[in-house]
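Trainee: A predicted structure for the sequence below; I have some questions about it.
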Amino acid sequence: MATERADQRREAGQRTRDSLLAATVELLAQRGQEGVTLREITDHAGANVSAVSYHFGSLKTLCDSAIEHALEQYLDAQINAVASLDTTSGIEDLAAAFTRPMMRALMAGGSDLAVMRTVARVGIDPPDGWGRLTAKFQQSRRDVAGRLSANLPGVGEQELEFRIRCAAGLLNWLALAPIGAELAAEPPEQIERWLVSVLAGAFRGSPPR
């Protein structure tokens, strides 16, 4: 019985922690770190202020944890999408995989889009917590670069890296700019066609002269 009660307390604590993270991601996506208060987060999560102290220690640690959580979700989705490609996949296939998390977020809206917006907002000023995810950043870029190199054998490593970072920056901008909301109103097949076309162009670049 004591073990069962302990398990129930742990599960309740995990639910509270997850609710605080989800609420923080959503509010950060709307206003950024400077516009979020502890009271807003706890009200949104249906939790009390002491829960933040218990699970995270401070508002800053909670915000950093939420940002890191959002980024990890994004990277995992992108890595898995690229990994699903086979050896016959072309640049358009790679562009579709690379942009798939963004396409899904635009189509779904809500918390999915909040994750994308949170990642995009902090991309220009990464928090300390991102250091833990360096390996995933490197894996994502390495996987994409490997696919691009197979399709663009004449393009050097440095230029491939530049194209990948430009493509990622374009997706971040799209998550925050008004055009992202306009695009979200389009049919799914239209979203995919437009996004894949633009990303494929960024990856392919112009032919060497």
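Mentor: Cool, the structure landed. Residues are numbered from 1 along each chain as shown.
Trainee: shaky segments in this protein?
Mentor: Filtered on pLDDT under 70, the chain yields the residue ranges 1-2, 4-8, 123-130, 207-209.
Trainee: nearest residue to the middle of it?
Mentor: In the chain, the C-alpha nearest the mean C-alpha coordinate belongs to Tyr74, at 3.1 Å (Cα atoms, centre = their mean).
Trainee: residue contacts, it?
Mentor: Counting by Cβ atoms under 8 Å, 6 or more residues apart in numbering, Tyr74 touches Pro101, Val115, Met116, Val119. Backbone N, C-alpha and C define where each C-beta goes, glycine included.
Trainee: quick check: helices, which of these are part of them?
Mentor: Per DSSP state H, helices hold the following members of the contacts of Tyr74: Pro101, Val115, Met116, Val119.
Trainee: need the distance between the two termini of stretch 143-157.
Mentor: End-to-end distance of stretch 143-157: 13 Å, with Cα to Cα, to the nearest Å as the criterion.
Trainee: output the ones in helices among the contacts of Tyr74 as CSV; include the columns neighbour count.
Mentor: Listed next are the ones in helices among the contacts of Tyr74 as CSV, based on neighbours: other Cβ atoms under 10 Å:
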residue, neighbour count
Pro101, 23
Val115, 26
Met116, 25
Val119, 26
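Trainee: quick revisit: quickly find the element holding the residue nearest to the centre of the chain.
Mentor: Per DSSP states H and E: Tyr74 is located in helix 59-83.
Trainee: which parts of that helix are buried?
Mentor: Residues of helix 59-83 classed as buried under the neighbour-count rule (16 or more other Cβ atoms under 10 Å) are 59, 62-75, 77-79, 81-82.
Trainee: again with stretch 85-100
Mentor: Applying a neighbour-count criterion of 16+ other Cβ under 10 Å, one finds Leu85, Ser89, Ile91, Asp93, Leu94, Ala95, Ala96, Ala97, Phe98, Thr99, Arg100 buried in stretch 85-100.
Trainee: thought the fifth one was touching Asn151?
Mentor: It stands for Leu94. Yes: Leu94 lies in contact with Asn151 (Cβ atoms under 8 Å); the separation is 7.5 Å.
Trainee: re earlier: distance from the helix holding Tyr74 to the middle of the chain?
Mentor: How far helix 59-83 lies from its chain's middle: 6 Å, per Cα atoms, centre = their mean, to the nearest Å.
Trainee: for the closest residue to Ala200 other than its chain neighbours, give me its contacts.
Mentor: Using Cβ to Cβ, 6 or more residues apart in numbering and skipping the chain neighbours, the partner closest in space to Ala200 is Ala95 (4.0 Å). Going by Cβ under 8 Å, 6+ apart, Ala95 touches Ala167, Leu195, Val196, Ser197, Leu199, Ala200, Ala202, Phe203.
Trainee: and the fourth one, what does it touch?
Mentor: Going back to what we said before, that points to Ser197. Ser197 touches Ala95, counting by Cβ under 8 Å, 6+ apart.
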